[in-house]
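1. output the structure for:
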Amino acid sequence: MLAIKGSIEYISSCMYLLPMAIGTFNNMAINLARSIFFSSFAKNVDVSRMEKVCIKGYKSFQDITLELGQINILIGSNGSGKSNFLSFFEFLNKIYEQKMTEYVALNGGVDKFFHKGSKVTDVIQAEVFWKTNRYQIQLKEGDGRFVVAHEKLGYAAGSMIYYNDIANYTNEAGIKQYKGLKRGDYINNYLTEIKKYHFHDTGKTSPFTKESHIQNDRYYLYEKGDNLAAFLYAIHEETPIVYNRIVKVIQSIAPCFSDFYFHPTAANTLRLQWRDKYSSMVYGPTDFSDGTIRFIALATLFLQPTPPKVIIIDEPELGLHPVAIQKLAGMMHVAASKGTQIIVATQSTDLLCHFEPEEVITVNQVEGATQMVRLNSEDLNHWLGDYTLGDLWKQNIVKGGQPE
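-> Residues are numbered from 1 along each chain as shown. Purely as a prediction, here's the structure:
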């Protein structure tokens, strides 16, 4: 069974090599092959994904309701609200972790979180929908900090929705303590996995240069990649098939790369080290190019044995070669086929080329308020036989997501 599962993941990652390997395929044939292949995995996709979010009064969102799919690619001009949308989920995780007060203070204070400031907006409301579960929260300002004025857990049974009021009217949410009720456990387990990943820092003191502990830091990849060495070491020891797949994908965009070099200290810590194919030298993370180290973190994130329920990341294509961007798209589809919900903001037409219209959301700002619209294949069928989505976006045929 494990061999079959591994083969499926390998084949699905290979699907995105088709455009390079078979140059005579036109865009329609490639898209059709992908659609047929991935539709066969629909029954395996986790139905627990977020289905819809409603956001009112948060940053650039005056009042918006957006349905979410398994893959959600946000495109839009600078300042349209893409990053604000991603930050909402980071904020939601901090609410769950009861770190909201600290997070708000470190990110500009309460006024920066209200839509157009506290003089215009005095309440933030949000609701997240899963298949049968709901989570509502309402925040107001009190003494320079947020107060949880409203917090509810909901459960949908047929046409009826039942809510439990769990508001504690303090500066932190109560959801984390609300265990014992099935829906509370379900929502807790989901919110704890919501992470916004960012691998942009690749300098000499970047998170990738840090030591990590092979026991304490092995369970999941941290948002900034601080524990990349320990996490890769755990994959190497526990699931060598997956580890080898990650190494081969890295080699496909960095041909000189041979393998990682794991040498834990007596204190069970290690740093990220590697060897190339042409010498016996051992190198560190700063010896990679910026794009290569980012790609390594992305490959580890998307190809790990058990990816998280949701992966949220802003502009993952930064610094990547077009071939690496193609591989990135394939890895995103592999993770999605295993049940992970993908929410990504991008400015890359190269990345956009590898997704279906229904997986893409245009983001625009109208009079200071963000608007989001999902694309529809029917509106673009006339063009998609000859052009990619990236082409259509560049030519402004895809309406929305363009600066005025």
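
2. mind giving me the packing neighbours of the strand or helix carrying residue 361?
-> Under the criterion of DSSP states H and E, residue 361 resides in strand 360-366. Applying 3 or more CB pairs under 8 Å, 6 or more residues apart in numbering; DSSP states H and E, one finds that strand 360-366 contacts strand 71-76, strand 369-374. Any C-beta I mention is one placed from the backbone N, CA and C, and that applies to glycine too.

3. so what's the gap between the last one and the chain middle?
-> When C-alpha coordinates are averaged (CA atoms, centre = their mean, to the nearest Å), strand 369-374 and its chain have centres 19 Å apart.

4. again, but for the first one
-> How far strand 71-76 lies from its chain's middle: 11 Å, per CA atoms, centre = their mean.

5. got a list of contacts for the following helix or strand past it?
-> From strand 71-76 onward toward the C-terminus, using DSSP H and E, the following helix or strand is helix 82-96. In this structure, residues lying in contact with helix 82-96 by CB atoms under 8 Å, 6 or more residues apart in numbering are 53, 55, 58-61, 74-76, 100, 102-103, 113, 126, 128, 137, 172-173, 175-176, 188, 191-192, 194-196, 310, 312-314, 343, 345, 363, 370, 372.

6. just want the angle from helix 82-96 to strand 369-374.
-> For helix 82-96 against strand 369-374, the angle between stretch directions is 100 degrees (axes from the mean of the first three to the mean of the last three CA atoms, to 10 degrees).

7. show me how far helix 82-96 is from its chain's centre.
-> The answer for helix 82-96 is 11 Å, by CA atoms, centre = their mean.

8. for the next helix or strand after it, packing partners?
-> Beyond helix 82-96 in the direction of the C-terminus, DSSP H and E gives the next helix or strand as helix 100-106. Judged by 3+ CB pairs under 8 Å, 6+ apart, the packing partners of helix 100-106 are helix 82-96, strand 145-157.

9. show me the one of those that comes nearest residue 224.
-> helix 82-96 (12.3 Å; CB to CB).

10. now the angle from the closest one to strand 145-157?
-> 90 degrees.

11. quick one on the thing from earlier: deepest of the helices and strands packed on helix 100-106, which one?
-> Most buried of these, by mean neighbour count (mean count of other CB atoms under 10 Å): helix 82-96, with a mean of 21.

12. mean confidence (pLDDT) on it, please.
-> Helix 82-96 carries an average pLDDT of 96.

13. same deal with stretch 99-114?
-> 96.

14. and for residue 250, the neighbour number?
-> Residues lying near residue 250 (other CB atoms under 10 Å) number 23.

15. gap between the spatially closest residue to residue 142 that is not a sequence neighbour and residue 105?
-> Of all residues beyond its chain neighbours, the one nearest residue 142 is residue 171 (7.8 Å), with distances taken as CB to CB, 6 or more residues apart in numbering. Per CB to CB, to the nearest Å, residue 171 is found 11 Å from residue 105.

16. who has more neighbours, the two?
-> It is residue 171, of residue 171 and residue 105, that has more neighbours when counted by other CB under 10 Å, with 16 against 12.

17. just to revisit the earlier point, most packed of the helices and strands packed on strand 360-366?
-> strand 71-76 (a mean of 24).

18. convert the C-alpha atoms of that one to CSV, please.
-> C-alpha atoms of strand 71-76 as CSV (Å, rounded to 0.1, in the frame of the first residue of the first chain):
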residue,chain,number,x,y,z
ILE,A,71,-6.1,25.4,-4.4
ASN,A,72,-6.4,29.2,-4.2
ILE,A,73,-4.0,31.3,-6.2
LEU,A,74,-4.3,35.1,-5.5
ILE,A,75,-3.3,37.5,-8.2
GLY,A,76,-3.4,41.3,-8.1
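
19. who does it pair with, and is each partner parallel or antiparallel?
-> Taking DSSP bridges as the criterion, strand 71-76 sits next to strand 341-346 (parallel), strand 360-366 (parallel) in its sheet.

20. only C-alpha atoms, please: export the longest one in PDB.
-> Looking back up the chat, that one is strand 360-366. Presented in PDB, the C-alpha positions along strand 360-366 are these (Å, rounded to 0.1, in the frame of the first residue of the first chain):
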ATOM      1  CA  VAL A 360      -7.300  31.500  -9.400                       C
ATOM      2  CA  ILE A 361      -8.700  34.500  -7.500                       C
ATOM      3  CA  THR A 362      -8.300  38.100  -8.700                       C
ATOM      4  CA  VAL A 363      -7.700  40.700  -6.000                       C
ATOM      5  CA  ASN A 364      -8.500  44.400  -6.500                       C
ATOM      6  CA  GLN A 365      -8.900  47.400  -4.300                       C
ATOM      7  CA  VAL A 366     -11.900  49.700  -5.000                       C
END
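
21. mind listing what's buried in it?
-> By neighbour count with 16 or more other CB atoms under 10 Å, strand 360-366 contains the buried residues 360, 361, 362, 363, 364, 365.
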